[in-house]
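S.K.: using only what follows, build the 3D model:
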Amino acid sequence: MAVRRLHHEQPESFAFTPENQVWAEKRIALYPADRKQSAVIPLLMRAQEQEGWVTKPAIEAIAKMLDMAEIRVLEVATFYTQFQLAPVGAKAHVQVCGTTPCMLRGSDEIIKVCKRRIAEHAHDLSGDGSFSWEEVECLGACVNAPMVAIGSDTFEDLTAESFEALLDAFERGETPTPGPQNGRTHACPEGGPTSLTDPDLYNGKAAEAWRSRLSAESAAVDAPAPKAQEAKAPETKAAEPSVDDEAAEIEKKLAALPKDATPEDKANAVGERPAGLSEPTGGIADDLKRIKGIGKVNEDKLNGLGVFHFAQIAGWSHAEALWVGTYLAFPGRIDREDWIGQAKVLAEGGDTEFSKRVDDGDVPTSQD
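M.R.: The predicted structure follows:
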């Protein structure tokens, strides 16, 4: 490890802000009185967050708070490279991962940008003091290489061009969105998921089918051998009810309800409510307006039922589609416009002719 020393220029004093002082006292109180030195790393980190770097006066102040020798606090600060021992950029301090995966994916190009736009040498400030940079070891997102860390955020899947755009945003005082910068979600394959995309894996149907099959196989093993029987004429299977018969049955059920029946009462009378989510998976809902027949109003109603994703709609049974159609006051529309078929295509990362029009902005009712 390289020798790490305190910066040659130091401020005259250090003090935690009132809010940070309260935080520090609570942190120290988490430990037994004779073990309060265990709070040294959290206090050093809070000092760095406050000042941007760890100063000699901060080390002295923390040593006094924890009844530690100053040299012991200095040992901690100089040992861990997470502590910055010199001033950093006021707008951003860029930590560039240079470990093998990032190097193979172009981290050297990111470093070239740092040298050109910030400073030739790591830990030097840019001319206006806004930026600084350093090369660090693995930042833990190798599948999204190359990447940088700025503050507590990471920015991944970078190119020299997208990294330049990040610096431009910080220069303007903006807070860029962290994570992959090439459009993909987290560490998913570019273009969307390619496996485990069957909606039945997540709505319980696959597990239920597996349990049913296991039960049937167990029953077959335990069942006695069948006795010889006289041949019987095959039974005639009852005809499936027609669409008209089903519509008539629905009308009959709805007519039996009181006049003040709510949309949910009506839906419960004819179908089965689909399972909903308390919030979108991953915190991001799909744009359900990409399905033909779902505008902003219906999307809001579906979200209110806990329906946020194409995969949920793709997994609806006929009874669940009846329930939703009745609840939204247009029975049969889901089947006529094939919401479920559209949703299956979109859930697998594909496009429909209608979703392409939505993406191109050619469907006014799909605009927020």
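
S.K.: secondary structure class for the closest residue in space to Leu66 that isn't next to it in sequence?
M.R.: Distances taken as CB to CB, 6 or more residues apart in numbering place Gln37 nearest to Leu66, at 5.0 Å, with adjacent residues excluded. C-beta: built from backbone N, CA, C; applies to glycine. The three-state label given to Gln37 by DSSP: H, G, I helix; E, B strand; the rest coil is helix.

S.K.: quick one: residues contacting Gln37.
M.R.: Counting by CB atoms under 8 Å, 6 or more residues apart in numbering, Gln37 touches 66-68, 72.

S.K.: how about the strands in the stretch 151-300 of the chain?
M.R.: Under the criterion DSSP state E, counting those that start in this stretch, the stretch 151-300 of the chain carries strands at the ranges 153-156, 179-180.

S.K.: pairing partners for the shortest one, with directions?
M.R.: When pairs are called by DSSP bridges, strand 179-180 turns out to pair with strand 153-156 (parallel).

S.K.: now tell me what touches the partner strand from outside.
M.R.: With contact meaning CB under 8 Å, 6+ apart, strand 153-156 is reached by 139, 141, 144-149, 163, 166, 176, 178-181.

S.K.: quick check, nearest of the residues you listed to Arg290?
M.R.: Checking those against Arg290 by CB to CB gives Pro180 as the nearest, at 21.7 Å.

S.K.: quick one: the closest one from Cys188, how far?
M.R.: Distance of Pro180 to Cys188, computed by CB to CB, to the nearest Å: 9 Å.

S.K.: again with Val94
M.R.: Taking CB to CB as the measure, Val94 and Cys188 are separated by 26 Å.

S.K.: these two: which is more packed in?
M.R.: Comparing Val94 with Cys188 by other CB atoms under 10 Å, the one with more neighbours is Val94, at 28 against 13.

S.K.: looks to me like the more buried one is in a helix.
M.R.: No - looking at Val94 with three-state DSSP, it is strand, so not inside a helix.

S.K.: is it in a bridge, and if so with what?
M.R.: Val94 has the following beta-bridge partners by DSSP bridges: Trp133, Ile150.

S.K.: and it, what does it touch?
M.R.: 114, 118, 131-134, 148-150, 167.

S.K.: returning to that earlier point: mind checking which of the strands of the stretch 151-300 of the chain is nearest Asp287?
M.R.: Closest to Asp287 of these, according to CB to CB: strand 179-180, at 18.9 Å.

S.K.: what lies in contact with that closest one?
M.R.: Defining contact as CB under 8 Å, 6+ apart, one finds that strand 179-180 is touched by 144, 154-157, 186.

S.K.: what pLDDT does the model give Ala225?
M.R.: pLDDT, Ala225: 61.

S.K.: check contacts around Asn298.
M.R.: By CB under 8 Å, 6+ apart, Asn298 lies in contact with 288, 328.

S.K.: local confidence estimate at it?
M.R.: We have a pLDDT of 87 for Asn298.

S.K.: could you do the one 4 residues further on as well?
M.R.: We have a pLDDT of 90 for Leu302.

S.K.: give me the number of residues near it?
M.R.: For Leu302, the neighbour count with other CB under 10 Å is 22.

S.K.: any idea how far Gly89 lies from Ser130?
M.R.: Distance from Gly89 to Ser130, counting by CB to CB: 5 Å.

S.K.: returning to that earlier point: will you turn the strands of the stretch 151-300 of the chain into JSON lines that also has mean neighbour count, distance to Asp287 and mean pLDDT?
M.R.: Output for the strands of the stretch 151-300 of the chain, formatted as JSON lines (neighbours: other CB atoms under 10 Å; distance: least, CB to CB, whole Å; pLDDT from 0 to 100):
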{"stretch": "strand 153-156", "mean neighbour count": "19", "distance to Asp287": "24", "mean pLDDT": "95"}
{"stretch": "strand 179-180", "mean neighbour count": "20", "distance to Asp287": "19", "mean pLDDT": "94"}
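
S.K.: reformat the ones you listed as CSV; add distance to Val297.
M.R.: What follows is the strands of the stretch 151-300 of the chain, written out as CSV (distance: least, CB to CB, whole Å):
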stretch, distance to Val297
strand 153-156, 36
strand 179-180, 31
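
S.K.: low pLDDT regions in the stretch 201-350 of the chain?
M.R.: For the stretch 201-350 of the chain, the stretches with pLDDT under 70 are 220-244.
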